[in-house]
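Trainee: The sequence and its predicted three-dimensional model are supplied below.
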Amino acid sequence: MTISVAQAQLFFLALTRILAVLIHVPVLGGRAVPNQIKIALGVLVTIAMAGVALPGAPLPPDAPAMAPLTLGGAIGRELIIGTLAGFAAVLTFGAAQTAGELMGLGSGFASGRVFNPAFADTGSALDQFFLIIATLLFVITNGHHLALLALRQTFVAAPLAGPLDLLLTGGGLERLAVMTGQLFAAGVLLAAPILGATLMADVVLALLSRVAPQVHVFFLGMPLKVGLGLGVLALGLGLTLPQLSNFMDQVGARMLWLVGN
């Protein structure tokens, strides 16, 4: 079987978009996954999606090869689309990480920072806990399957080698800003019970310091807020997990929404 230069260019464009998405999904191609595995997975996914990605392109398989300047612009467009779609997964996991970080700041767990291999930065114990729970829920609810299906659908919503102004007319940047604000607010709402409980504890300790100045409020408040944070977390986990599961279940829909579908 003979593969023309135009077909090879279209395959490379599809691979560029798929890799740009996969490197942003922690389960499929996060920072903890070796680059060789990411490239191999990207090639396999591109071959599996060739029936959807390549025929939907404006250029037929027997068309002449694209000029270098045109090919460079097409590669940049696919990088933007893939990064925009993959960033939906980053924001979703970031909402869980934000909730854990805020809980750690209020309850005192932020003082013990540990390395997070998924995001290549440090975080508190609650930050790690919520990120692990989010990853488990993402796999249990078949979020990785939905993400791959959404990635497949992006080639229908935004075919290969399409117009470069697709993202501007589709309002991709505006949708990204809206989604960022919504998911950040969702992370704050997840952390609201512990933040409220620790705020009440701070108020009580402040009143106690005024009534009994001889009491060392700082040393009394640290274990008190840690225990209070763990207690509120345990009591509210039954309400938090369904909301977090809903976030993970909507990763694919957010990916499509960002690319304008």
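Mentor: Structure's in. What do you need?
Trainee: and Val33, backbone torsions?
Mentor: phi -90, psi 130 (degrees, to the nearest 10).
Trainee: Tell me the confidence at it?
Mentor: At Val33 the predicted local distance difference test score is 75.
Trainee: What is the neighbour count of it?
Mentor: Val33: 17 surrounding residues under other CB atoms under 10 Å. All C-beta atoms are positioned from the backbone trio N, CA, C, and that covers glycine.
Trainee: so who does it touch?
Mentor: With CB atoms under 8 Å, 6 or more residues apart in numbering as the criterion, no residue contacts Val33.
Trainee: What ranges does the protein have for its strands?
Mentor: 114-116, 121-123 (DSSP state E).
Trainee: Now the weakest link among those strands, please, by mean pLDDT.
Mentor: In terms of average pLDDT, strand 114-116 trails the rest of these, at a mean of 54.
Trainee: so Ala85 touches Val259, yeah?
Mentor: Yes. Ala85 lies in contact with Val259 (CB atoms under 8 Å); the separation is 5.4 Å.
Trainee: Compare those two (neighbour count), which wins?
Mentor: Applying other CB under 10 Å to Ala85 and Val259 shows that Ala85 carries more neighbours, namely 31 against 25.
Trainee: so what's the closest residue to that one other than its chain neighbours up against?
Mentor: Leaving aside its sequence neighbours, Ala85 sits nearest to Met255 (CB to CB, 6 or more residues apart in numbering; 4.3 Å). The contact partners of Met255, taken as CB under 8 Å, 6+ apart, are Val21, Ala85, Gly86, Ala88, Ala89, Ala147, Ala150, Leu151, Thr154.
Trainee: 10 Å instead, please
Mentor: Counting by CB atoms under 10 Å, 6 or more residues apart in numbering, Met255 makes contact with 21, 24-25, 82, 84-89, 92, 146-147, 149-151, 153-154, 157, 261.
Trainee: Val178 versus that one, what's the distance?
Mentor: Met255 sits at a distance of 15 Å from Val178 (criterion: CB to CB, to the nearest Å).
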